[in-house]
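Asks: just a sequence and a predicted model for now, questions to come.
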Amino acid sequence: MKFALAVVATCLLACVLAAPPAIQKDAQVLRFDSDVQPEGYKFAVETSDGKSHQEEGQLKDVGTDHEAIVVRGTYSYVGDDGQTYTINYLADENGFQPEGAHLPRAVQ
């Protein structure tokens, strides 16, 4: 499971650091922090074009049949309209659960 956690963290970092679209090639990484442990990880990235992403993942129920990773994070970006959009999310055994002021909410 530790190997799987390392693979997940590496894939997430690769996605964050992937080449931006041609119109944003001049963005610079302003901050990059990463900490990968045997039962969890966290990272934070900020770029000069206004994007930021922070995430933390922890294993829960380690060593049981219900072992799972719980990921919490937030990311922000500046939209074409100049407004900053922020998404907070939780990903666990119940799926990916994003929240943001600009996202539709489920009817209760």
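Replies: Structure received. Residues are numbered from 1 along each chain as shown.

Asks: so where is the chain shaky, pLDDT-wise?
Replies: Counting by pLDDT under 70, the chain has low-confidence residues at 1-25.

Asks: which stretches of it form strands?
Replies: For the chain, the strands defined by DSSP state E cover 29-37, 40-47, 52-60, 68-78, 84-92, 95-99.

Asks: measure how buried the residue nearest to residue 57 when sequence neighbours are not counted is and give me the count.
Replies: Of all residues not flanking residue 57 in the chain, residue 71 sits nearest, at 4.3 Å (Cβ to Cβ, 6 or more residues apart in numbering). C-betas here are computed from N, CA, C, even on glycine. The number of residues packed near residue 71 is 19, by other Cβ atoms under 10 Å.

Asks: circling back to that earlier point, for the strands of the chain, give me CSV that also has distance to residue 105.
Replies: CSV is the format used below for the strands of the chain (distance: least, Cβ to Cβ, whole Å):
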stretch, distance to residue 105
strand 29-37, 31
strand 40-47, 27
strand 52-60, 22
strand 68-78, 17
strand 84-92, 13
strand 95-99, 8
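
Asks: centroid residue for the protein?
Replies: Closest to where the C-alpha atoms of the chain average out (Cα atoms, centre = their mean) is residue 55, at 4.5 Å.

Asks: bridging residues for the closest residue to it other than its chain neighbours?
Replies: Distance criterion Cβ to Cβ, 6+ apart; nearest residue to residue 55, sequence neighbours excluded, is residue 73 at 3.4 Å. Beta bridges link residue 73 to residue 55, residue 89 when assigned by DSSP bridges.

Asks: who are the contact partners of residue 73?
Replies: Going by Cβ atoms under 8 Å, 6 or more residues apart in numbering, residue 73 touches 53-56, 88-89.
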